[in-house]
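**Q** here is a sequence together with a model predicted from it:
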Amino acid sequence: MKEIKSIITDAISLVLKSLSYPLKNYSLTSPQKKEHGDISSNIALLLANDLKKKPMDIGKSIADKLNILALDNISSITIAEPGFLNFHISNRFFQSKIQKIINENVAYGKGDIGINKTANVEFVSANPTGPLTVGHGRNAILGDTVSNILEWQGFKVTREYYFNDAGRQMRVLGKSVEARYFELLKKDIKFPEDGYHGDYIIDIAQIIRSIKNDNIRSGDPFFSKKAEEIIFTKIKKTLLNLGIHFDQFTNEKTFYENGEIEQFINELKEKDLIYKKDNATWFKSTSLGKDQDRVYIKSSGEPTYRVPDTAYHRNKINRNYDIIIDVFGADHADTYPDVLIALKALGLNTDHIRILLYQFVTLIKGGNKIKMSTRKANYVTLDDLIKELGQDVVRYFFVMRSMNTHLDFDLDLAADQSDKNPVYYIQYAHARICNIIKQSQNLDYNTNTPFDPYLITDINEISLLKHLVMFPEIIDRAYKNLEPQYIANFLQELAAKFHRFYNNCRVITDDKNLSKARIKLIISVKIVLKNGLSILGITAPEKM
């Protein structure tokens, strides 16, 4: 559709100039009503105020001029209330795309925006204090799928995991494991008031006992070190079960040890942006437009997250990525700007940093919400979810809604193995096509011979083709917005159109020419389904 929109854009510019109409920043979109055509423009509506004319009259003047130009692949141009200019694309344009899709195959829909460019995507970044939960799942799948979208545009992507294995959380973890260890020894020890509960803490304590027997004293750092090692190994295994592999793990501690934190704080001091108050160290963010200053180092001597995070992002900027992306939960909405303004104060460009905020997840079972608390170990682990539903279902359900909306994860629907489940509905379309192609080969239909695409004329066939042609634009939209939901929605509608086509048009018929054309059509559908699913990290089964 890009080439059609380019033709329309050039033609409108030519006509506006000939009519002495001002050029406006108009849109080219799909009409709400299918009968209005394939592409609609609001140019006449935008010109009404300047020209002091009715949009319908302006639209007619433009349409008359455009019709004289006889634009390629445009069968007609009409006007619809209150003044939309509607373009009807000829069927021949869509019919000619079948072979293009087949020729491009796995490359169909790929872009070149990121060729010779690099991107860094930081996601998950959960500290090793416990197993990954459903909440971490949305972060993980969004981050990995956004990485796939970037790779489809040609970017070389570094998937990065940033973590902290020091500080209060890790101390509490160590104390929690220590308490469970001494409980195993039948010693009376008080469990930390804010400690981590859950069977995994007991499991770690048992492993430590098997290593150290009864010969480890209270306060030994081995408790937290071994707990971190065991938990991190489990986290990595969970992520691999979702098909997620990280290229780099970065430890917050690094920036204390290599002096980068001290360096950037000293630079902020030189700019008079650091001061002491109430035994704490403050960042003077009010002088940079914020409503209040921020604590950098508490009176206890413990730094706030802003300190290492600023050093970490400075480090990423210095690695010269063309795009830097952070995937955060919505609770970061009020905090990440503090890191960005500090970076700007240090003279660094942050225009290439994109922050993706996602809303949180609620598990629904039997129509009721499942209450969860990570600290009290009242949660569903990501491993449990994968074991119950499988990788494909888990990945799809986490991206089928916009990251900007709260996600109700319906466990009953996700476990359903009928066409009510959107994942199976899409995958079944792919499997059904594979079966038809196999049947056609058994019936000696040679799909490698030339075919006549102009035999594809049924309304359901054309509807299917029109949707296929939109795939590259959907990929572009997903890239511009870094939003996987566009692809999930596209595949859902493509599967629906295919199933509708299948129910109305027999693929293998007595008419061999028509059969070959329809086989080519469903091959192109198969290619697009598989390409779209691969971006989402979901398999495209050949049988179900």
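**A** Arrived safely, thanks for sending.

**Q** output the below-cut-off pLDDT ranges for the stretch 401-544 of the chain.
**A** Along the stretch 401-544 of the chain, the parts satisfying pLDDT under 70 run over 445-447.

**Q** where do the helices sit along it?
**A** Here the stretch 401-544 of the chain has its helices, by DSSP state H, counting those that start in this stretch, at 411-415, 422-442, 459-469, 471-481, 485-504, 512-536.

**Q** now do the buried residues in the fourth one.
**A** Using 16 or more other C-beta atoms under 10 Å as the test for burial, helix 471-481 gives 471, 472, 474, 475, 476, 478, 479. No exception for glycine: its C-beta is placed from N, CA and C like everyone else's.

**Q** need the contact list for the last one.
**A** Translated: residue 479. Residue 479 makes contacts with 111, 113, 149, 150, 152, 153, as judged by C-beta atoms under 8 Å, 6 or more residues apart in numbering.

**Q** how far away is it from residue 490?
**A** To residue 490, residue 479 is 13 Å away according to C-beta to C-beta, to the nearest Å.

**Q** on that earlier part again, in JSON lines, list the contacts of residue 479 along with neighbour count.
**A** Output for the contacts of residue 479, formatted as JSON lines (neighbours: other C-beta atoms under 10 Å):
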{"residue": "111", "neighbour count": "15"}
{"residue": "113", "neighbour count": "13"}
{"residue": "149", "neighbour count": "28"}
{"residue": "150", "neighbour count": "24"}
{"residue": "152", "neighbour count": "22"}
{"residue": "153", "neighbour count": "20"}
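
**Q** ok, so of those, who is nearest residue 273?
**A** Set against residue 273, the nearest of the contacts of residue 479 by C-beta to C-beta is residue 150 (33.8 Å).

**Q** confidence score at that closest one?
**A** With respect to pLDDT, residue 150 has a value of 98.

**Q** kindly report the same for the one 5 residues further on.
**A** If you check residue 155, the pLDDT there is 98.

**Q** excluding covalently adjacent residues, which one is nearest to it?
**A** Sequence neighbours aside, residue 114 is the residue nearest to residue 155 in space, at 3.2 Å (criterion: C-beta to C-beta, 6 or more residues apart in numbering).

**Q** count of residues packed around the one you found?
**A** The tally of other residues near residue 114 (other C-beta atoms under 10 Å) stands at 20.

**Q** which residues does the helix or strand encompassing residue 203 contact?
**A** Using DSSP states H and E, residue 203 sits in helix 199-212. With contacts defined as C-beta under 8 Å, 6+ apart, helix 199-212 is touched by 130-131, 176-178, 180-181, 183-185, 195, 216, 222-223, 226-227, 230-231, 234, 377.

**Q** one more time with 7 Å
**A** If you take C-beta atoms under 7 Å, 6 or more residues apart in numbering as the criterion, helix 199-212 is touched by 130, 131, 176, 177, 180, 181, 184, 216, 223, 226, 227, 230.

**Q** now, which of the residues you listed lie within helices?
**A** 176, 177, 180, 181, 184, 223, 226, 227, 230 (DSSP state H).

**Q** list the contacts of the nearest residue to the first one once chain neighbours are set aside.
**A** Read it as residue 176. Nearest non-adjacent residue to residue 176, counting by C-beta to C-beta, 6+ apart: residue 195, 3.9 Å away. Residues near residue 195 by C-beta under 7 Å, 6+ apart: 172, 175, 176, 179.

**Q** if we go to 8 Å?
**A** With C-beta under 8 Å, 6+ apart, residue 195 has these contacts: 172, 175, 176, 179, 201.

**Q** ok, residue 239 next?
**A** Under the criterion of C-beta under 8 Å, 6+ apart, the contact list for residue 239 reads 124, 132, 140, 245, 246.

**Q** can you give me the neighbour number for the first one?
**A** Residue neighbour count, defined by other C-beta under 10 Å, stands at 24 for residue 124.

**Q** I figured it hits residue 138, correct?
**A** No. Counting by C-beta atoms under 8 Å, residue 124 sits too far from residue 138 to count as a contact (10.3 Å).

**Q** C-alpha coordinates for the helix or strand harbouring residue 237, CSV please?
**A** Residue 237 is part of helix 222-241 when elements are defined by DSSP H and E. What follows is helix 222-241, C-alpha atoms only, in CSV (Å, rounded to 0.1, in the frame of the first residue of the first chain):
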residue,chain,number,x,y,z
PHE,A,222,27.4,-17.3,51.9
PHE,A,223,23.7,-17.2,52.7
SER,A,224,23.0,-14.3,50.3
LYS,A,225,25.7,-15.2,47.8
LYS,A,226,24.4,-18.8,47.3
ALA,A,227,20.8,-17.6,47.3
GLU,A,228,21.6,-15.1,44.6
GLU,A,229,23.4,-17.8,42.5
ILE,A,230,20.5,-20.3,42.8
ILE,A,231,17.8,-17.7,42.1
PHE,A,232,19.6,-16.2,39.1
THR,A,233,20.2,-19.6,37.6
LYS,A,234,16.4,-20.2,37.9
ILE,A,235,15.6,-16.8,36.4
LYS,A,236,17.7,-17.5,33.4
LYS,A,237,16.1,-20.9,32.9
THR,A,238,12.6,-19.4,33.1
LEU,A,239,13.5,-16.8,30.5
LEU,A,240,14.9,-19.5,28.2
ASN,A,241,11.6,-21.4,28.6
